[in-house]
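Novice: Quick check, what structure comes out for this input:
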Amino acid sequence: MEKQKLPNATLILVFGIVSIVTCCCYGIFGLIFGVIAVILANNALKLYAAEPELYEGVQNVKTGRILAIIGIVLNLIFIAYIVWIYTTFGWDTMQDPEALQKALEDLLGQ
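Specialist: Coordinates of the predicted model:
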């Protein structure tokens, strides 16, 4: 009997990579791709656990899941950083370059 590829194995790997690459896009896109990859990976791993002799490509699923988890963590850190920036300086300061420069100088004590 010929083994078949796990469903969405390549897609999970690609989404895991994309979640890391897009972590600087305000954290939203990478977070979405990471969560989707983790959900798909969990479903694929459950399918593989039920009948491991029927499927191949579990390594792609595991790698994609790990990359997606790393991407989720990076995206959450970036979102927290953006929230900290806006709560520290405020929306109006972020829109005005001169006010932002003055706020940064005050923060750094220059």
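Novice: going forward, measure contacts between C-alpha atoms and count neighbours the same way
Specialist: Noted.
Novice: Burial check on residue 107, number of neighbours?
Specialist: Residue 107: 11 surrounding residues under other C-alpha atoms under 10 Å.
Novice: for residue 72, same thing?
Specialist: 25.
Novice: who does the helix or strand harbouring it touch, helix- and strand-wise?
Specialist: Using DSSP states H and E, residue 72 sits within helix 58-89. Counting contacts by 3 or more C-alpha pairs under 8 Å, 6 or more residues apart in numbering; DSSP states H and E, helix 58-89 packs against helix 9-21, helix 28-50.
Novice: could you point out which element follows that helix?
Specialist: Later in the chain than helix 58-89, the nearest helix or strand by DSSP H and E is helix 91-95.
Novice: for that following helix, which positions count as buried?
Specialist: 93, 94 (16 or more other C-alpha atoms under 10 Å).
Novice: Next: stretch 45-57.
Specialist: Neighbour-count burial for stretch 45-57 flags 45, 48, 55, 56, 57 (criterion: 16+ other C-alpha under 10 Å).
Novice: Can I get those in JSON lines including distance to residue 72?
Specialist: Formatted as JSON lines, those follow (distance: C-alpha to C-alpha, whole Å):
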{"residue": "45", "distance to residue 72": "19"}
{"residue": "48", "distance to residue 72": "24"}
{"residue": "55", "distance to residue 72": "27"}
{"residue": "56", "distance to residue 72": "26"}
{"residue": "57", "distance to residue 72": "23"}
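Novice: Serialize the helices and strands packed on helix 58-89 to a markdown table and add fields for mean pLDDT.
Specialist: Formatted as a markdown table, the helices and strands packed on helix 58-89 follow (pLDDT from 0 to 100):
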| stretch | mean pLDDT |
| --- | --- |
| helix 9-21 | 96 |
| helix 28-50 | 95 |
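Novice: Same list as before, these that is, but in TSV and with distance to residue 110 included.
Specialist: Converted to TSV, the helices and strands packed on helix 58-89 look like this (distance: least, C-alpha to C-alpha, whole Å):
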stretch	distance to residue 110
helix 9-21	35
helix 28-50	34
